[in-house]
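Peer 1: Predicted model follows, preceded by the sequence.
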Amino acid sequence: MIIGASAAGLGAAEVIRPRDPKSSVTLISDEAYRPYSRPLLTYLLSGEVQPEKVWLRAPDYFQKWGLETILGDKVVQVDAGAREVRLASGRVAPYDGLLIASGARPRLPGIPGEDLPMVFTLRTLADWRRLDACLPEAGVVTVVGAGAVGLKAAEALTRRGLTVNLLEMGPHPLPQLLDPFSARLLQDALAGWGIRLHCHTRPLAVIADRGRVRGLALDDNREIPTDAVIFAVGVEPNVEFLAGAGLTESGGVVVDDYLQTADPLIYAAGDCVFPHHLLTGRRGAYQIWPAAVEQGRIAGANLTGARVRYRGLLPQNSISLRDFHLITGGLGPQETGDCEVSEELDEARGQYRRLAFKQGRLVGVTLVGDIGDAGIYFAIMANHLPVDQLAADPRAFPPETVEHIQALIKWGKKPVRVIETPVYEYA
């Protein structure tokens, strides 16, 4: 049984079924739709993508794969002792093996007025449908949170002809990912699209007039007018149905290196778990679609009796906004204070590259503008390749030939098996 029918859940099901063609495989989802792409929701919001393009699988997908489904019903409890999942409808479903791939939901700041009709989040297809139906054709919308989702939502709203405020508590957008140089390039792009950026700013309340949103009260004693608010201030794992099961800690499901929980019959993957960082070994929350798929596939294989170790997550984030392209990977600027850092800024072309090295290895990458070599940098980091034994110095990029690229990911006289790390849109 799989709780969740998105990235991790699908990844698991598509590994389990060919490995075990006879057992019953059931996917449970509180959404009534077939699988869809969450990263495309902001493109739906802008109108760049039509609704029919959001589906990840064909209408007959579940039948063709021999998967049973329980859709539109929410899990309210996992009884590990009885090996049962209890649902909001009252249904009780037994299991022999269980994968928790329940994902995460948007976090709200807990301020007055956040429950007003013109206050939104953007995480699900239902969220997009509500936004699309309710947003005015003209007016002001304020996006709270300048992370990846907030940035893409703000840019999408400008395409709809709306005036957009973007609020960020930190010193600049993507404060966990960007250094001041790359942040400045992004801020220049936002200003060029007419987005009003407010940094070091926290909302205190959504102000209403006769039930209608009219503004946001800020912690610097300002009040900015707005007709709608979108909160994009992070997510929290969907694990409340595990209360008392002894499987969670600090808000997420605890798993070992094989994505197994404290219960040997239960595995977990995706946004509800805190996987370990490939470079540091530290565990944390990362909402990255391809990482969820990989974890689901490994957990699914292990549910069928394999013993596949999860190597860890190499954070990589790709954001494209109109003609502005940004990719980061590995350790962020706040984690590289003790690292050797190489920076190159070409303001005329709007291009920037920042490489961080620690103990002779590449551990962090930021690229703005020219992002074509990102996959090579990620391969070097994922394989922990010593820089002094590479056939070429990464700081000498861009490589001009395929041979140069191939030589770069071999060290010494002995080629290493390179684990490919393709670049994906941030989930």
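Peer 2: Happy to help now that I have it. Given the structure is predicted, the values throughout are model-derived calculations rather than measurements.
Peer 1: you'd agree H172 is up against H200?
Peer 2: No: taking CB atoms under 8 Å as the definition, H172 is not a contact partner of H200, at 9.5 Å. Any C-beta I mention is one placed from the backbone N, CA and C, and that applies to glycine too.
Peer 1: Name the residue in the two with the higher neighbour count.
Peer 2: H172 (18 against 12; other CB atoms under 10 Å).
Peer 1: Okay, the closest residue to L108 other than its chain neighbours and V206: tell me how far apart.
Peer 2: Closest residue in space to L108, ignoring its immediate chain neighbours: E114 at 5.2 Å, by CB to CB, 6 or more residues apart in numbering. Separation of E114 from V206 (CB to CB, to the nearest Å): 6 Å.
Peer 1: Give me the common contacts of these two.
Peer 2: Counting by CB atoms under 8 Å, 6 or more residues apart in numbering, the shared contacts of E114 and V206 are V229.
Peer 1: neighbour count winner among these two?
Peer 2: Neighbours per residue (other CB under 10 Å) separate E114 from V206, with V206 holding more: 25 against 16.
Peer 1: what secondary structure does the closest residue to that one other than its chain neighbours sit in?
Peer 2: The shortest distance from V206 to any non-neighbouring residue, by CB to CB, 6+ apart, is to G113 (2.9 Å). With DSSP: H, G, I helix; E, B strand; the rest coil as the basis, the three-state label of G113 is coil.
Peer 1: which stretches of the chain form helices?
Peer 2: Residue ranges of the helices in the chain, as given by DSSP state H, are 7-19, 41-46, 61-65, 125-134, 148-159, 180-192, 289-303, 374-382, 402-408.
Peer 1: Can you say which of those helices is nearest to G329?
Peer 2: Proximity to G329 (CB to CB) singles out helix 374-382 among the helices of the chain, at 5.2 Å.
Peer 1: ok, back up a step: tell me how far the residue nearest to L108 lies from I230.
Peer 2: Counting by CB to CB - E114 and I230 are separated by 11 Å.
Peer 1: picking that back up, among the helices of the chain, single out whichever gets nearest to P35.
Peer 2: Counting by CB to CB, P35 lies closest to helix 7-19 out of the helices of the chain; the figure is 5.6 Å.
Peer 1: Helix 289-303 and that closest one, what's the angle between them?
Peer 2: 40 degrees (axes from the mean of the first three to the mean of the last three CA atoms, to 10 degrees).
Peer 1: wait, what's in contact with the nearest residue to P175 once chain neighbours are set aside?
Peer 2: In this structure, P175 finds its nearest non-sequential neighbour in E168, 7.1 Å apart by CB to CB, 6+ apart. Residues near E168 by CB under 8 Å, 6+ apart: G145, A146, G150, P175, L197, H198, C199, H200, T201.
Peer 1: let's go with 7 Å and repeat that
Peer 2: Going by CB atoms under 7 Å, 6 or more residues apart in numbering, E168 touches G145, A146, C199, T201.
Peer 1: By neighbour count, which of those residues wins?
Peer 2: Counting neighbours by other CB under 10 Å, the top entry in the contacts of E168 is A146, with 29 neighbours.
Peer 1: one step back: how near is the residue nearest to P175 to L385?
Peer 2: According to CB to CB, E168 and L385 sit 35 Å apart.
Peer 1: With T163 instead?
Peer 2: Distance from T163 to L385, by CB to CB: 48 Å.
Peer 1: For the two, indicate the residue with more neighbours.
Peer 2: Taking neighbours as other CB under 10 Å, T163 and L385 compare with L385 leading, 22 against 17.
Peer 1: Look up phi and psi at that one.
Peer 2: As for L385, its main-chain torsions (degrees, to the nearest 10) stand at phi -80, psi 130.
Peer 1: Now for the contacts of E168: which two are most distant?
Peer 2: Farthest-apart pair in the contacts of E168 is G145 and C199; separation 11.9 Å (CB to CB).
Peer 1: Who does the residue lying closest to F62 once chain neighbours are set aside form a beta bridge with?
Peer 2: Distances taken as CB to CB, 6+ apart place T69 nearest to F62, at 5.3 Å, with adjacent residues excluded. Counting by DSSP bridges, T69 is bridged to L27.
Peer 1: List the residues that contact T69.
Peer 2: Neighbour list for T69: T26, L27, F62 [criterion: CB under 7 Å, 6+ apart].
Peer 1: Let's see that with 10 Å instead.
Peer 2: Contacts for T69 (CB atoms under 10 Å, 6 or more residues apart in numbering) come out as I2, A5, V25, T26, L27, I28, S29, R34, Y61, F62, Q63.
Peer 1: In PyMOL, how would I select the buried members of those?
Peer 2: What follows is the PyMOL syntax selecting those of those that are buried according to 16 or more other CB atoms under 10 Å:
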select buried, resi 2+5+25+27+28+29+34+61+62
